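A.B. asks: Sharing a sequence plus its predicted fold:
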Amino acid sequence: MFRLMVVAFTLAGWLKSMTKKSVLRAVMIRSCTALAAVGLCATAVPLVGAQRALAALAQGETAPDFTLQGALGGKLLTFSLKDALKKGPVVLYFFPAAFTKGCTLEAHAFAEATEDFAKQGATVVGVTAGNVDRVAEFSKEECRSKFAVLADPGAKVAGLYKSLSSQGMFLHSDRSSYVITPDDKIVLSYTSQDPETHVSKTLDAVTAWHASAQ
């Protein structure tokens with residue numbers, strides 16, 4: 001009987017401790033979510049670590065509409081996905097941060113292929129939640145004034161597209177690319193940390209869609 005009482009007491013203490021830990025973790029998650037809304041979050045929950053937070057939207061899903069501020073050739077603009085799709089398919093690519101090594105390589109690759117996309121009526125646009133105060137400069141220097149780059153403070157649009165990942169303590173836009181057709185459908189969803197493969201993948205998808213639409 002005494003042993004049963006000891007076990008019960010120990011179990012109660014363990015459950016109480018776990019409850020406190022669970023409550024603390026819930027508070028940390030909620031605080032992180034609130035900070036992410038203003039672009040300041042760092043995933044404070046140790047379990048998240050450097051893992052990708054969300055899987056990208058899948059092929060066949062409807063692309064969420066959005067409007068963001070950005071720049072083309074250093075000149076500020078307002079980009080509306082709905083308006084862009086009236087002209088043809090949109091190649092929407094998310095990247096972690098302006099003026100980082102991989103993102104610069106990716107920008108160069110898309111800049112070199114912009115005319116190939118344009119021949120098939122496609123619009124290329126980049127979106128980042130990192131270094132949002134430098135997108136105008138990035139659009140002119142690294143994107144070579146070939147396509148628009150949009151600032152996504154707090155990674156709100158990246159969240160809509162489930163293109164988020166954490167690096168250390170910070171939440172940012174993942175390296176994901178989409179090809180969206182004028183009927184708002186995603187015909188390509190591609191995520192890879194290799195920056196230079198995104199151009200060939202999206203160009204192939206645009207070419208296939210263009211051929212089927214003839």
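C.D. replies: Nice, I can see it.
A.B. asks: Tell me how this protein divides into domains.
C.D. replies: Under the assignment automatic domain parsing, the domains of the chain span 1-36, 67-213.
A.B. asks: Give me the three-state assignment for residue 166.
C.D. replies: strand (DSSP: H, G, I helix; E, B strand; the rest coil).
A.B. asks: ok so, going back, present the domains of the chain as a markdown table; the columns should include mean pLDDT, mean neighbour count and distance to residue 59.
C.D. replies: (Each C-beta comes from the backbone N, C-alpha and C, glycine too.) Supplementary listing: the domains of the chain in a markdown table, determined by pLDDT from 0 to 100; neighbours: other C-beta atoms under 10 Å; distance: least, C-beta to C-beta, whole Å:
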| stretch | mean pLDDT | mean neighbour count | distance to residue 59 |
| --- | --- | --- | --- |
| domain 1-36 | 39 | 11 | 27 |
| domain 67-213 | 95 | 19 | 5 |
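A.B. asks: could you dump those domains to TSV with distance to residue 56?
C.D. replies: Listed next are these as TSV, based on distance: least, C-beta to C-beta, whole Å:
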stretch	distance to residue 56
domain 1-36	18
domain 67-213	5
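A.B. asks: For the helix or strand encompassing residue 206, give me every contacting residue.
C.D. replies: For residue 206, the element it lies in under DSSP states H and E is helix 197-213. The contact list for helix 197-213 (C-beta atoms under 8 Å, 6 or more residues apart in numbering) reads 89, 91, 93, 106, 109-110, 112-113, 116-117, 120-122, 175, 177-179, 181, 187-188, 190, 192.
A.B. asks: picking up where we left off before, could you say which one of the domains of the chain comes nearest to residue 61?
C.D. replies: Among these, the nearest to residue 61 by C-beta to C-beta is domain 67-213 (5.2 Å).
A.B. asks: Compute the first-to-last residue distance for the closest one.
C.D. replies: 27 Å (C-alpha to C-alpha, to the nearest Å).
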